[in-house]
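K.L.:
fold the stuff below for me.
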Amino acid sequence: MPLLPRDHTAPSVFRPEALLREARRQRCLPATPVPPICLLDPDGDVARHLLATGLGVRNAAWACYHSEMVLSDAGVGVVPCAVGAPYAVLVAEQLYASGCELLVSVTSAGRIVPLGEPPYFVLIERALRDEGTSGHYLPPAEWAALAPTLAARLAPLDVLRGSSWTTDAPFRETAAAIAAAEARGIACVEMEAAALYAFAEARCRPVVCLAHVTNVMATVEGDFEKGAADGASATLALVAAIARLARG
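P.N.:
Model prediction:
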């Protein structure tokens, strides 16, 4: 629930376009658009892989004060380490103000209801709003969801589907909270999807959130393994498939 009452239809005084304008002025940066397809890479594995293999370069024109961007050789703008709902949405606002046309988030997640043995990817169809950022974009409700039009376009995508629990406090995933999520049939727990989907709905922006289920909250030895190249190659292939379907 929001801490303060608010009018969700009222425009914001502080705009991402204005922040980017001042960043460009201070840093003498050109107003170069970002690629139409952008990826939020919360763990940074994709960006590190691209730089280490020479398949990506840093985008020197990206004007966000709070992040960097790596441009892949396939033309995807990758923003690493955008962890947590407030930061992910702060970056998303600036990406769309800079020319982004489709934003994909692929975040590491903890398994709740097993859909297989980690690691595996889950297309998040809806996310439980156990965070604060979504309340600034949409009125109170339990869930935020993938836009129905996007869900329909992504129907052919070869990936598991399910719901997630978006939390602001990963180290408060208690046994009772996990059991409650399991009772709801929730597939995984992560930190960004509910806020990104609320932003997407409020701003009419296409956003697709996926969970890379890699762990069971470190309750076993050898947790958090992501596969080859820390999952980077598989993530990039999935983003490419989503882009083809989402853009028709």
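K.L.:
any idea which helix or strand carries Leu138?
P.N.:
In the assignment (DSSP states H and E), Leu138 maps to no helix and no strand.
K.L.:
where does pLDDT dip in this structure?
P.N.:
1-3 (pLDDT under 70).
K.L.:
mind redoing it with 80?
P.N.:
In the predicted model, the chain carries pLDDT under 80 at residues 1-3, 248.
K.L.:
show me where it has helices.
P.N.:
Counting by DSSP state H, the chain has helices at residues 16-27, 45-53, 85-97, 148-153, 175-183, 193-203, 232-246.
K.L.:
can I get the ones you listed in JSON lines with mean neighbour count and distance to Val104?
P.N.:
C-beta here means a position set from N, CA and C on the backbone, and glycine is covered the same way. Converted to JSON lines, the helices of the chain look like this (neighbours: other C-beta atoms under 10 Å; distance: least, C-beta to C-beta, whole Å):
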{"stretch": "helix 16-27", "mean neighbour count": "14", "distance to Val104": "19"}
{"stretch": "helix 45-53", "mean neighbour count": "19", "distance to Val104": "11"}
{"stretch": "helix 85-97", "mean neighbour count": "23", "distance to Val104": "11"}
{"stretch": "helix 148-153", "mean neighbour count": "13", "distance to Val104": "11"}
{"stretch": "helix 175-183", "mean neighbour count": "14", "distance to Val104": "24"}
{"stretch": "helix 193-203", "mean neighbour count": "26", "distance to Val104": "10"}
{"stretch": "helix 232-246", "mean neighbour count": "19", "distance to Val104": "5"}
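K.L.:
to Gly75, which of those lies closest?
P.N.:
Closest to Gly75 of these, according to C-beta to C-beta: helix 232-246, at 9.5 Å.
K.L.:
adding distance to Asn215, write the helices of the chain out as TSV.
P.N.:
As requested, those are arranged in TSV below (distance: least, C-beta to C-beta, whole Å):
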stretch	distance to Asn215
helix 16-27	33
helix 45-53	14
helix 85-97	19
helix 148-153	26
helix 175-183	13
helix 193-203	17
helix 232-246	16
